[in-house]
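*Asks:* turn this into a structure:
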Amino acid sequence: MCETWFDLCHNEQFIVLSDKDNMLDFANETLKYEGKKLYTIVNDAEEFCNRMGYIVHDKPYCYNGIPIGQKIDLSKEKPQWNKQRPTNKGIVSMSFYKLLSYFLTNTQAYGNYLFYLGLILIVIMILYEVNIWQQKMRQEQIDISKQIKQKLKINQEKRIKKRKILDILRGQINQQESNVNQKQHNKQIDNIDKLD
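*Replies:* Predicted coordinates for the structure are as follows:
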């Protein structure tokens, strides 16, 4: 009886009741994420029955004395928990049919795997887009700084040209003033000569 029960429940979620001598209980909807698969918790059917609170006797105590194992021949097919799972030889060595059947028997695990893989891909895409945006912003800043430097250089060249023009004009004005002063000086000397 325990073997059949163990075979039927080996892939179900159970929780370990640590406050009750590590007894087992079915994981309900609220506790299913805290539970573990039965085959990861116990090793055999006898341990399973004992931890579920059912005493396993060495000799069968059936009403007619026939052990349950003699009525149900479990040797015809291996129990599902004892079946050999495909080894990880890679996808190439598995046929399409085996791969499809393995995928269909483990859809929840693959669903979780694909969900988290999708989340990781979304995060990678977001980081990639942020990186591209940052590169564009850096390039725009570099272009703006180049434009500002170019404008400053042009303005500085204009100032230098203005200074040169002003210096030339000042020189001409000074030359004209000195010519005017020289002429006035010469006139004064001429006037003094005429007086003598």
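
*Asks:* what are the ranges of the strands in this structure?
*Replies:* 13-17, 23-26, 36-37 (DSSP state E).

*Asks:* list the contacts of stretch 148-157.
*Replies:* For stretch 148-157, contacts defined as CB atoms under 8 Å, 6 or more residues apart in numbering pick out no residues. For every residue, glycine as well, the C-beta is placed using N, CA and C.

*Asks:* now that stretch: mean pLDDT?
*Replies:* For stretch 148-157, mean pLDDT is 93.

*Asks:* return the distance of it from the chain's centre.
*Replies:* The chain centroid and the centroid of stretch 148-157 are separated by 45 Å under CA atoms, centre = their mean, to the nearest Å.

*Asks:* check stretch 16-24 too.
*Replies:* With CA atoms, centre = their mean as the basis, the mean position of stretch 16-24 lies at 38 Å from the chain mean.

*Asks:* likewise stretch 165-177?
*Replies:* That offset, for stretch 165-177, works out to 72 Å (CA atoms, centre = their mean).

*Asks:* which residues touch it?
*Replies:* Contacts for stretch 165-177 (CB under 8 Å, 6+ apart): none.

*Asks:* re the thing from before, would CSV of the strands of the chain with mean pLDDT and distance to Gly53 be doable?
*Replies:* What follows is those, written out as CSV (pLDDT from 0 to 100; distance: least, CB to CB, whole Å):
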stretch, mean pLDDT, distance to Gly53
strand 13-17, 83, 10
strand 23-26, 82, 6
strand 36-37, 82, 18
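
*Asks:* can you list these in JSON lines and add mean neighbour count and distance to Ile160?
*Replies:* Shown next, in JSON lines, are the strands of the chain (neighbours: other CB atoms under 10 Å; distance: least, CB to CB, whole Å):
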{"stretch": "strand 13-17", "mean neighbour count": "17", "distance to Ile160": "84"}
{"stretch": "strand 23-26", "mean neighbour count": "16", "distance to Ile160": "90"}
{"stretch": "strand 36-37", "mean neighbour count": "14", "distance to Ile160": "82"}
